[in-house]
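Student: Here's my sequence, what's the structure:
(one chain, ligands or ions: 1)
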Amino acid sequence: MKITDIKIEKFYIELTEPFKVAFAEITHSVSILIKIQTDEGIEGYGEAAPFAPVTGETTEGTIEILQLFRQGLIGKNPLEIEKLHAMMDHLAHGCGSAKCAVDIALHDIKGKVMGQPLYRVLGGYQNEVQNDVTIGISTPERMAEAASDYVKNQGYRILKIKAGIDPRDDLRALKQIREAVGDEIRLRVDANQGYDISRALFALEGMKALGIEAVEQCLPDWDLEGASCLKKKVSGIQLMLDESIHTTKDAARACRLEAADIFNIKLMKCGGLYRGGQIATLAENFGLTCMVGCMMETKIAITAGLSLVASRKAITEADCDSFLYYKDADNGMPGGFTRTGDMFRLSEDPGLGLDISF
Ligand SMILES: [Mg+2]
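Tutor: Model prediction:
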């Protein structure tokens, strides 16, 4: 089997309302979709969702990198995934989302060749995933209202709350959210690098009292030593790293420094499913667990992310919810998974199991 061509296209995602995190406000998003074609008629779909504040990539730059990869991929066997990752790593440093687009498309092809859904191609631990839902920063009242709506009307039982601007405001909002949803609902926080060590210690104490189970990325991405120091000082609340962990090497260093309890794997940071699986293996052997998060991604990367969660025992959490903020949650792509409340069941169709035409 040989790759014959790769089609690269921009895809615009319209959001229902602006989404605010500690360092940016997002109104719409642009993804790059690719289609890898083969001489046996099997096609694989992939997606790059570059987000400069996190991956340092732009839309146009990612398209250029994908065009570079295209030259290296044509004529190669799409099932030689390790070899093709080595080729991409040789051609470009970083560029996680460009590598991710190729990686997802190669796995879609592999699934179609095997006649098996992606969750089984990747390990097949289970076929159902409990997903959380994220609440952006707003007034404590509006955040509590949104939390209550997700829990009471949409069946979500795990909420991820964005924080990190001011610890006192964060604690005020979290208190109102806890009161609105009750004690049974699992709450996690994402500080998106917004604290320093002393503010993090203050915030974590307050959060522990409110029954918050985990806090993501308290400190700037570069400060793994700080994360390690924080972890030694804090107990009774789990610490997660997101922006600090891009590559498998970052994960290895964080394991050595004992800097986290949980890694937030994102396909766009690490370069796709293959590397994501390697981070999960590393974490598992150091006694950590993983979550799979997402960027503003279409159903292609969301389905890939949920499939990775389902496939592996060490990946216990899913934060693949960005499609909830889209005007069209399906991005015009039926299939992939079905949702009942907060449970997402993956399709049994081969590969991604998505019906895409481009
Ligand atoms: Mg995060």
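
Student: Which residue is the nearest non-sequential neighbour of the residue in the stretch 101-250 of the chain that the ion sits nearest to?
Tutor: Of all residues in the stretch 101-250 of the chain, Asp242 sits closest to the ion, at 3.6 Å by C-beta to the ion. Bear in mind the C-beta positions are built from the backbone N, C-alpha and C, glycine included. In space, Asp242 comes closest to Asn264 once its chain neighbours are excluded; the distance is 3.8 Å by C-beta to C-beta, 6 or more residues apart in numbering.

Student: wait, is that neighbour part of a strand?
Tutor: Yes. Note on Asn264: a strand contains this position according to DSSP: H, G, I helix; E, B strand; the rest coil.

Student: what sits against it?
Tutor: Glu216, Gln217, Met240, Leu241, Asp242, Ile245, Cys290, Met291, Val292, Gly293, Asp319 (C-beta atoms under 8 Å, 6 or more residues apart in numbering).

Student: gap between it and Leu73?
Tutor: Separation of Asn264 from Leu73 (C-beta to C-beta, to the nearest Å): 29 Å.

Student: and if you look at Asp242?
Tutor: Distance from Asp242 to Leu73, by C-beta to C-beta: 30 Å.

Student: Whatever helix or strand Ile34 lives in pairs with which strands, parallel or anti?
Tutor: Per DSSP states H and E, Ile34 falls inside strand 24-38. Looking at strand 24-38 with DSSP bridges, its partner strands are strand 3-21 (antiparallel), strand 43-48 (antiparallel).

Student: which residues touch the nearest residue to Gly271 once chain neighbours are set aside?
Tutor: Sequence neighbours aside, Lys99 is the residue nearest to Gly271 in space, at 3.6 Å (criterion: C-beta to C-beta, 6+ apart). Neighbouring residues of Lys99 by C-beta under 8 Å, 6+ apart: Phe69, His85, Met88, Asp89, Ala92, Gly271, Gly272, Arg275.

Student: Would you mind giving those as a markdown table with distance to Ser228 and neighbour count added?
Tutor: As requested, those are exported to a markdown table (distance: C-beta to C-beta, whole Å; neighbours: other C-beta atoms under 10 Å):
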| residue | distance to Ser228 | neighbour count |
| --- | --- | --- |
| Phe69 | 35 | 23 |
| His85 | 29 | 19 |
| Met88 | 31 | 22 |
| Asp89 | 27 | 15 |
| Ala92 | 30 | 15 |
| Gly271 | 25 | 26 |
| Gly272 | 28 | 31 |
| Arg275 | 23 | 23 |
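
Student: What residues does the stretch 101-250 of the chain have near the ion?
Tutor: Proximity of the stretch 101-250 of the chain to the ion (C-beta under 5 Å from the ion) is limited to residues Asp190, Glu216, Asp242.

Student: from the residues you listed, which is closest to Arg120?
Tutor: Distance to Arg120 across those (C-beta to C-beta) is lowest for Asp242, with 27.5 Å.

Student: Would you agree the closest one is in contact with Lys266?
Tutor: Yes. If you go by C-beta atoms under 8 Å, Asp242 and Lys266 touch, sitting 7.3 Å apart.

Student: Name the residue in these two with the higher neighbour count.
Tutor: Shown here are Asp242 and Lys266; by other C-beta atoms under 10 Å, Lys266 has more neighbours (29 against 24).

Student: Can I get stretch 154-167 as CSV, trimmed to CA atoms?
Tutor: In CSV, the C-alpha atoms belonging to stretch 154-167 read as follows (Å, rounded to 0.1, in the frame of the first residue of the first chain):
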residue,chain,number,x,y,z
GLN,A,154,-27.5,18.0,30.3
GLY,A,155,-26.4,15.1,32.5
TYR,A,156,-22.8,16.1,33.1
ARG,A,157,-21.2,14.9,36.4
ILE,A,158,-17.7,16.2,36.0
LEU,A,159,-17.0,19.9,35.6
LYS,A,160,-13.8,21.6,34.7
ILE,A,161,-13.7,25.2,35.8
LYS,A,162,-11.3,27.7,34.2
ALA,A,163,-9.5,29.9,36.7
GLY,A,164,-6.0,31.5,37.2
ILE,A,165,-6.6,35.2,37.0
ASP,A,166,-7.1,36.0,40.7
PRO,A,167,-7.2,33.2,43.4
